[in-house]
Each structure stands twice: as structure tokens, then as C-alpha cells.
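Asks: Model the following, please.
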Amino acid sequence: RKLTQHQKREAEFPDEPWRWREDWASGRVVSNNRLAMLIAWPFALFWNAISSMIWFMLPRELEKGNKVALIGLIFPLIGLGLLIWAVRATMRWRKFGVATFDLTTVPVKLGGELSGLITTPAPLVGAREVLLQLSCVRHERHGEDSRDKLLWEDSKQLDAAALITARGIPVYFWLPHEGVPASPKQDSSYVKWQLYVKAATGGVDFAAMFELPVF
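Replies: Here you go, the predicted structure:
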């Protein structure tokens, strides 16, 4: 159903790719908090299910005097790290909910300004400072290999006073004239503009990523 809606918008607005995505068209971009949590748990559980075989194989190898087998412990340790990642993503989502970025203008134009306000269902109580990092990245995929190449980046830091005054996280950047626009589709090679936000708070820190309609 979502694919059909996307194709319908693409046919209706062939020269306005920012209208192809519902959140872009509305000027209210949704963060990836919930998506990150939904990705983290299956990946962490799958990794730990596979690496659990180490605990059955390792004792037999050690009885044979194969000390090199201890290297296999790195896989359960990675699994533990993935579980921590999934738990923290869940705690972050439960604490702050899904953040939204209300854009001042749509689309965001190269050579122009990116401005707006980020808000969360739960206020960022006790936030001491906020890091805003805007980047343009080219993602390339060749078979099973993929990599990201940074094309442009800028960052800012805000103090707690800015959050209180704006009742959210105010965003303001100037974009380069010579920048590369975002790709309307994610093919084997595509460009994405993303805004990463992190705020130090008590307990789990707030963090979110927004994909932006820069054209």
C-alpha cells in the first residue's frame, strides 16, 4: 500500500521529488528513533543466537589444548554490545518518544538555509548542551559491499538557554551552493542529507537522526 501511494505521488509530482515522501511533503520530518529500536532487537537476537554455539564448542576445543579457540569469545562479547545497544535504543524511545523536525521551508534549498524546530513528546529536562551535526553523504553499494562517503558536513552546539527559549531544539544552518541534492530514490548509489541531534540528559541521552529534503 505504501509503495502504491509513493508511485502515485511520483506520477503526480514528477519534478517535485520532495512531495514523494509524506513527511517531506508535510514539512514535518519524523526521527528514526522507533526504526532504530526495531532494527536493533532482531539484529542483536540473531547475532546472539548464532554466537551462542561458541559456548558448546569452546570447552571441547580447550580440552584438546586449543588455546587459539579463546579468540571465539569475541563473538559473544560483540553480542553483549549489541544487546546493550538494543536496550538503550528502547529506553531512549520510551523516554523521549518519536521526535519531529518542523521545517520552516520545504524543500530545503542548496545555497539557502535549513531552519526549523525539533520537538519531542517528553521535554528534554536537564539537557546541558545539544550537538547538531548536518551532513551530506553518498551511499554506494556494489554487490554485498556498501560504504558511505562524506561529501559535506557542518556542526553546532547549543546551550540549555537556547532550548528553554525556543521550547525545543532550534535548528539553523546555511547550505553550500555547490552541494549535491538528495536522491529521490535509494538505488545502488544515492545521496542523503541527514541531521544528527544529541543532547546530554540524566540517564539515557537523547539522540535522533532526520533525513532531509534538500534539493
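Asks: going forward, measure contacts and count neighbours with C-alpha atoms only.
Replies: Fine.
Asks: quick one: contacts for the residue lying closest to Asp154 once chain neighbours are set aside?
Replies: Using CA to CA, 6 or more residues apart in numbering and skipping residues adjacent in sequence, the residue nearest Asp154 is Leu134, 5.3 Å away. Residues in contact with Leu134 (CA atoms under 8 Å, 6 or more residues apart in numbering) are Glu153, Asp154, Ser155, Trp193, Gln194, Leu195, Tyr196.
Asks: From what I see, Ser135 and Leu150 are in contact.
Replies: Yes. Here Ser135 reaches Leu150: they are 7.3 Å apart, a contact under CA atoms under 8 Å.
Asks: give me the element Arg94 is part of.
Replies: Here Arg94 sits within helix 74-96, counting by DSSP states H and E.
Asks: contacting residues around that helix?
Replies: Counting by CA under 8 Å, 6+ apart, residues outside helix 74-96 touching it are 33-34, 36-37, 40-41, 43-45, 47-48, 51-52, 54, 120-124, 204-207.
Asks: who's sitting farthest from the centroid in the chain?
Replies: Outermost residue of the chain with respect to the C-alpha centroid, by CA atoms, centre = their mean, is Lys64; its distance is 45.8 Å.
Asks: Quickly note the distance from that residue to Phe210.
Replies: 52 Å (CA to CA, to the nearest Å).
Asks: Same check on Leu45?
Replies: 26 Å.
Asks: Comparing these two, which residue is more hemmed in?
Replies: Each of Leu45 and Phe210 had its neighbours counted (other CA atoms under 10 Å), and the higher figure belongs to Phe210 (20 against 16).
Asks: The helix or strand where that one lies pairs with which strands, parallel or anti?
Replies: Element membership for Phe210, per DSSP H and E: strand 206-212. Here strand 206-212 is paired, per DSSP bridges, with strand 189-199 (antiparallel).
Asks: What mean pLDDT does the partner strand get?
Replies: Strand 189-199 comes out with an average pLDDT of 92.
Asks: for stretch 106-119, same thing?
Replies: Stretch 106-119 comes out at a mean pLDDT of 94.
Asks: in it, what's buried?
Replies: Val106, Pro107, Val108, Lys109, Leu110, Glu113, Leu114, Ser115, Gly116, Leu117, Ile118, Thr119 (16 or more other CA atoms under 10 Å).
Asks: List the residues that contact the second one.
Replies: Applying CA under 8 Å, 6+ apart, one finds that Pro107 lies in contact with Trp18, Trp24, Pro213, Val214, Phe215.
Asks: partner residues bridging Lys156?
Replies: Leu132.
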